[in-house]
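Q: sequence and predicted structure, then a few things I'm wondering about:
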Amino acid sequence: MTSPPWGAMARLTARRALVAVPVLLVVTFGVFAVAAASPFDPVKAYAGTAALGADQETLDRLRDNLGVDRPFTARWWDWLTSALGGDLGQSTVMRQPVAEVIGERLAWSALLCAVAFAVAVLLGTVLGVLAARRPGSPLDRTVTSLAYSLEAAPVFWIALLAIWLFALNLDVLPAGGLTDTGSDHVTAGQVASHLVLPAGVLAVSQLPWFVLYVRQGVGDALAEDPVRGARARGLSERTVLLGHALRSGLLPVLTLIGSRVPELITGALLVETVFSWPGIAAATVEAATAVDFPLLAALATLATAAVLAGNLLADLLYGLIDPRVKLNEM
Amino acid sequence: MADTTVEKRRTTAAEPAWRAHGTARRSTHTLRLRVSAALVGVTVLAVLLVPPLVQLDQQAVDLAAKLRPPTWAHPFGTDDVGRDLLLRCVYGLRVSLLVGVVAALTATVIGTAVGATAGALGGWADRAVMRLVDTLSSVPHLLLGVFIVAMFRPGVWPVVISVALTHWLSTARIVRAEVLSLRSRPFIDAAVSGGASRWRMTVRHLLPAVLPQAGLAAVLMVPHAMWHESALSFLGLGLPTHTASLGTLIQGARGSLLAGQWWPTLFPGIFLIVPTLAVAGLAGVWRERINPRRRSELML
């Protein structure tokens, strides 16, 4: 095996970072344009209920101070320049700087998504291989039908049913939150038990896609010449399946892993809300309900960056694993 | 049920015996078609016929009969103020389906217009438009939807607009690819050498040819748009809570679920899953009909 193409990978990363700059610029610009076109009034959002009793003069002064009357392009530019300096503005719903909100919550979301994704990948591979071994067999039919049904099921609905079953009826797992109620310390054990349900539900929502693609990839690989050759040489079925079919069958799946980041974020939005997980996705929903524009703008930008990073990661992984891929051409 | 959708190959002589059951494959194929068509038919009939024909008030409150588990009188049980859940679910499906169809149609019109324009113009215009499509695809759909609804305040139209604005991207890609492949066909060359203008070529020759693909995309988008509406409504960012939609029904059932009543949560979800699977099944059959050799992808 040749050494990994570090140079090409670094060049690809640099190129993608250059592409990411205009993408993020356009997305933030769009966010400000939508806000400018909407009936949303930053003055009222800033003043809250106090705006109801305030006289017009105070409101006008506030409007002037906030610079609301300037064109949105100017406000976008101000936001951008201060964002580059690390100042993302003040979150009205959380009553703290946006950067702080993100800093406190990002790790919990990352933990949830990473565990869920790992479970989905492992379980999906196992189920997909089992189904691909004998297309049309009862096992295959069960796995595929289940996968299609799960893919069609809304994740928040699965989450609610999971709470009903595991937290209420069986009473084995906590229904939500990060720690037990009344506990003021965040201990690893408590987090682990509170993580099981949200991560499990998020994994289940990502699982069907994985199972079906692994099944297709491995199924296709099983019908190809290298596998026929391996069988003809008398290799055991286990070696054929895991050493030949799985290796080439997983390749197309790998490129698609990065493209699943949007779905993962979508799932996290719903799962974190249902389970009151103190992550960044739940904060997005809270920010949207309270029309907290600074927080929403920052989170939309962050999500876009995560999607771009996911795409890059998938390409890097592909180049690392498949020697036929030329990273320079990507 | 949908097991042949991901199969790549038709059977060939060299494949193992268990792959070569052509007749068995065909019979599951028709079964899938019939089941899917029946389910779609039942769904459409239910939402069209039940409200005008059945003289029952979905809002009828009966506090004496609140939170009854499923019985013969109330097959899906009753909710926390004693409304019949079966009736609520049918009305909810009606609203969700309406939102889904309108949003999917809007998205398809936008996507077809953008994709056809990009494909027909070509050159830098095509590159610019597709770059914009790529950029917009980097924002997670639900997040963008949440943002739009948050800014414009929840309601039916913001939901429709937010779903339409986030879902035209894939249609634009499909239509553009189709237009690009059509442009090199002889009948387009014939039209051009016959003196057809770019406009006439697009409207008379390219658009009719991409309509089947765009139609398939639109049909597939309906369940997706319904899902989107439900998710937004569930988050409290969609339809107002007093309007029964599948999302608001599940949202409203959260309180009773924590008290141990499972039926107000379970049935609206099933009403969302069944049409999704049926539409996916139909679309799979249709796609194999119009293009039997092309590798069919996962479609949900």
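A: Received it, and whenever you're ready, just let me know what you need.
Q: can we go C-alpha only for contacts and neighbour counts from here?
A: Will do.
Q: let me see the contact set for residue B:221.
A: For residue B:221, the contacting residues are B:100, B:104, B:167, by C-alpha atoms under 8 Å, 6 or more residues apart in numbering or on different chains.
Q: nearest to chain A among these?
A: Checking the contacts of residue B:221 against chain A by C-alpha to the nearest C-alpha gives residue B:167 as the nearest, at 13.4 Å.
Q: ok, and the closest non-adjacent residue to that closest one?
A: Spatially, and ignoring its direct neighbours in sequence, residue B:167 is nearest to residue B:107 (5.8 Å; C-alpha to C-alpha, 6 or more residues apart in numbering or on different chains).
Q: quick one on the thing from earlier: lowest pLDDT pick from the contacts of residue B:221?
A: In terms of pLDDT, residue B:167 ranks lowest among the contacts of residue B:221, with 89.
Q: picking up where we left off before, so which of the contacts of residue B:221 are in helices?
A: B:100, B:104, B:167 (DSSP state H).
Q: so what touches stretch A:35-43?
A: With C-alpha under 8 Å, 6+ apart, stretch A:35-43 has contacts from A:59, A:62-63, A:66, A:68, A:72, B:151-152.
Q: how about TSV for those, with pLDDT added?
A: Output for the contacts of stretch A:35-43, formatted as TSV (pLDDT from 0 to 100):
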residue	pLDDT
A:59	76
A:62	75
A:63	76
A:66	71
A:68	71
A:72	82
B:151	86
B:152	87
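Q: top of these by neighbour count?
A: Within the contacts of stretch A:35-43, most neighbours by other C-alpha atoms under 10 Å in any protein chain shown means residue B:151, with 26 neighbours.
Q: gap between it and residue A:37?
A: Separation of residue B:151 from residue A:37 (C-alpha to C-alpha, to the nearest Å): 9 Å.
Q: one more: residue B:290?
A: 43 Å.
Q: again, but for residue B:252
A: The value you get for residue B:252 to residue A:37, if C-alpha to C-alpha is used, is 31 Å.
Q: out of the two, which sits in the more crowded spot?
A: Remark: of residue B:252 and residue A:37, residue B:252 carries more neighbours, 20 against 11, as counted by other C-alpha under 10 Å.
Q: what about residue 186, neighbour count?
A: No chain was given, so I picked chain A. 11.
Q: not what I meant, chain B
A: 10.
Q: now swap in residue B:56 and tell me
A: Residue B:56, neighbours per other C-alpha under 10 Å, totals 12.
Q: okay, and it sits in which element?
A: Using DSSP states H and E, residue B:56 maps to neither a helix nor a strand.
Q: pLDDT below threshold where in the stretch 51-200 of chain B?
A: Where the stretch 51-200 of chain B drops to pLDDT under 70, the residues are B:55.
Q: redo that, cut-off 80
A: B:51-69, B:71-75, B:77-82 (pLDDT under 80).
Q: near chain A, which residues of it?
A: B:135-136, B:138-144, B:146-148, B:150-152 (C-alpha under 8 Å from any C-alpha of the partner chain).
Q: which residues does residue 263 contact?
A: All of this refers to chain A. A:206, B:140.
Q: my question was about chain B
A: By C-alpha under 8 Å, 6+ apart, the neighbours of residue B:263 are B:69-70, B:76-77.
Q: neighbour-wise, which of those leads?
A: Counting neighbours by other C-alpha under 10 Å, residue B:77 leads those with 24 neighbours.
Q: tell me the phi and psi of that residue?
A: Backbone geometry at residue B:77, expressed as degrees, to the nearest 10, gives phi 80, psi -170.
Q: SS state for the residue lying closest to it once chain neighbours are set aside?
A: Spatially, and ignoring its direct neighbours in sequence, residue B:77 is nearest to residue B:70 (3.8 Å; C-alpha to C-alpha, 6+ apart). Classification of residue B:70 by DSSP: H, G, I helix; E, B strand; the rest coil places it in coil.
Q: model confidence over stretch A:26-44, on average?
A: Mean predicted confidence for stretch A:26-44 is 83.
Q: how far does it sit from its chain's centre?
A: When distances are taken as C-alpha atoms, centre = their mean, to the nearest Å, stretch A:26-44 is centred 24 Å away from the chain's centroid.
Q: hey, C-alpha coordinates of that stretch in CSV?
A: Extracted C-alpha coordinates of stretch A:26-44, given in CSV (Å, rounded to 0.1, in the frame of the first residue of the first chain):
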residue,chain,number,x,y,z
VAL,A,26,-23.9,34.5,-0.1
VAL,A,27,-25.7,32.6,2.7
THR,A,28,-25.2,35.3,5.3
PHE,A,29,-26.3,37.9,2.7
GLY,A,30,-29.4,35.9,2.0
VAL,A,31,-30.2,35.6,5.7
PHE,A,32,-30.0,39.4,6.0
ALA,A,33,-32.1,39.9,2.8
VAL,A,34,-34.8,37.6,4.1
ALA,A,35,-34.9,39.4,7.4
ALA,A,36,-35.1,42.7,5.6
ALA,A,37,-38.0,41.5,3.5
SER,A,38,-39.9,40.1,6.5
PRO,A,39,-42.2,42.1,8.8
PHE,A,40,-39.7,41.4,11.6
ASP,A,41,-38.9,44.6,13.5
PRO,A,42,-35.5,44.5,15.4
VAL,A,43,-36.6,47.4,17.6
LYS,A,44,-39.6,45.6,19.0
